[in-house]
Structures are given as C-alpha cells and as structure tokens.
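1. Fold the stuff below for me.
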Amino acid sequence: MGNRDVDERGERVIVRGPNEGKRLAGSGGTPIIVKLGGDEVEGAYSFVEMDVAPGPGARPHIHHLANEAFYVVEGELTLVLEDREVRAPAGSFVLVPRGTRHTFRNSADAPAKAVFVLSPPGFERFFEELAARRAAAPGGVVSPETVVEVGRKYDTEFL
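-> A predicted model of the protein is given here:
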C-alpha cells in the first residue's frame, strides 16, 4: 500500500497516490479508502477518503473519543450536527468535536467526495472489522445490530 520513504532529515515520508490506500466499505457499503491509518503516524490521526453517493448517508452517531474533521473535495454534503443542519459544498471544512451527535448525507443528484481526519485515530479499524464481517456474512450484508456492536468497540455510538 503506497510508498514509504525517508527524507533527508531521516523523517518517514508516506506518499499515497490517487486510489492508493486500503480500500474498504463504510458502514452502509459506501466505498472508502483508508489513506493513512493511525498506526502509521504513532497514533496521531487517521485520514480516510470517501465517495458519497446521493442518498440518506450515514446513520446518526457520536464519536466519544475522537474529533472528526470533514473536508468536501467534490460535490456537496449536508451535515446535521446535533440539531443544526450545515450545507457543505466543495471546499468546505467542518470540525465535529468529540461527543457531538452528527450525520451526513449527499442531497445532490451527483456523487460527492470527502476526506475525514479523526484524532485520535482508531475508527478506521471499525471499517476494517466491518469489511471482514461483511465478507463472512451471507450475501455480504451485516445487520444494523452488527454495525452498532462494532461501533461500540471503537468508541462510537450509532443512534
């Protein structure tokens, strides 16, 4: 996965090109790429790219330990933060503090692309575990209860 190198100062440099990274599916099967896992940067953060199809989007949830930053690269997302709805067109940045109930969706007719940074990291492992469970499940489908159960392991509460 990607390139690792050392620069002239002896620092580790990680380069991931387009479509490089760990390709998985989000909780609803949405394609994601884990561009950088927390274990690669001493637990500082994780960086995930997601293609968001038009439609209802993520279930409302709370990250109890992680702050989550959204940056909309293409298209537009609508985020609901507690009871506040925020329209986020391409170029928008939204920081969701830990403990904040939130969700997002693509209300447009065209796909959107966003990147997510979580600090501290760990939630990227939710996607990895869910992908493994999906691969083992009949028809590749996991129940909503499974999503809730796996989310709890990664300090996330699905509502």
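2. Now do the contacts for Val52.
-> Shown in contact with Val52 (Cβ atoms under 8 Å, 6 or more residues apart in numbering): Thr30, Gly75, Leu77, Phe104, Arg105, Asn106, Pro111, Ala112, Lys113, Ala114. From N, CA and C alone the C-beta is placed, and that goes for glycine too.
3. Distance check, it against Pro111.
-> To Pro111, Val52 is 7 Å away according to Cβ to Cβ, to the nearest Å.
4. and if you look at Glu149?
-> Distance from Glu149 to Pro111, counting by Cβ to Cβ: 29 Å.
5. same question, Ser143
-> 27 Å.
6. So between the two, which is more surrounded?
-> Shown here are Ser143 and Pro111; by other Cβ atoms under 10 Å, Pro111 has more neighbours (13 against 10).
7. residue contacts, Met50?
-> By Cβ under 8 Å, 6+ apart, Met50 lies in contact with Gly26, Thr30, Pro31, Ile32, Ile33, Lys113, Ala114, Val115, Phe116.
8. Could you do Leu36 as well?
-> Applying Cβ under 8 Å, 6+ apart, we find Leu36 in contact with Ile14, Arg16, Gly21, Tyr45, Ser46, Phe47.
9. Is Asn19 in a helix, a strand, or coil?
-> Here Asn19 is recorded as coil under DSSP: H, G, I helix; E, B strand; the rest coil.
10. so what does whichever helix in the chain runs longest touch, helix or strand wise?
-> Looking across the chain with DSSP state H, the single longest helix is helix 123-136. For helix 123-136, the elements it packs on are strand 22-25, strand 31-36, strand 46-52, helix 144-153, judged by 3 or more Cβ pairs under 8 Å, 6 or more residues apart in numbering; DSSP states H and E.
11. What average pLDDT does the shortest one get?
-> Just to be clear, that refers to strand 22-25. Averaged across strand 22-25, the pLDDT comes to 87.
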